[in-house]
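> This is the structure alone, sequence omitted:
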């Protein structure tokens, strides 16, 4: 499949060039440039950051002004594309909140609790008697964190 491409090399009047440049400015302000050539339509989204190259030359009988604008189309920002700085370790915060991994949308199911009965001495019998559990202890099978930026 051919990549969409529109090209034009032509001589035109200054007012037509101005109309092209005004259309370009309007498109940049809107964040989208739409080019039409016959039945072919090419729509490009313009990001906030654009690479700009300007080249100008003049000889005795000929002048050249070239403007090249380049950018990369980014569909979705990947989690690895930016750096976040904070005072809290996201892995520990996620585990404390009950999530399996950083980035999970739902907390994991309540952990199965292992309880250890509290042993109390029966003052009459003088021996240990099991009673209700003191403090439930979560299982200690926490998985290492994985994700798109971390190897498993």
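Perfect, I can see it now. Model, not experiment: these values are computed from the prediction.

> could you give the mean pLDDT of stretch 30-47?
Here stretch 30-47 scores 93 as its mean pLDDT.

> Check what contacts that stretch and list those residues.
The contact list for stretch 30-47 (Cβ atoms under 8 Å, 6 or more residues apart in numbering) reads 4, 5, 6, 8, 24, 27, 28, 71, 72, 73, 74. C-beta coordinates here come from the backbone N, C-alpha and C atoms, glycine included.

> buried subset of those?
residue 27 (16 or more other Cβ atoms under 10 Å).

> Just checking, which of the contacts of stretch 30-47 comes out lowest on pLDDT?
Out of the contacts of stretch 30-47, that is residue 74, at 72.

> returning to that earlier point: biggest separation within the contacts of stretch 30-47, which pair?
8 and 74 (27.3 Å; Cβ to Cβ).

> Give me the phi and psi angles of residue 16.
Here is the backbone geometry of residue 16 (degrees, to the nearest 10): phi -70, psi -40.

> picking up where we left off before, of the contacts of stretch 30-47, closest to residue 56?
Among these, and counting by Cβ to Cβ, the member closest to residue 56 is residue 24, at 17.6 Å.
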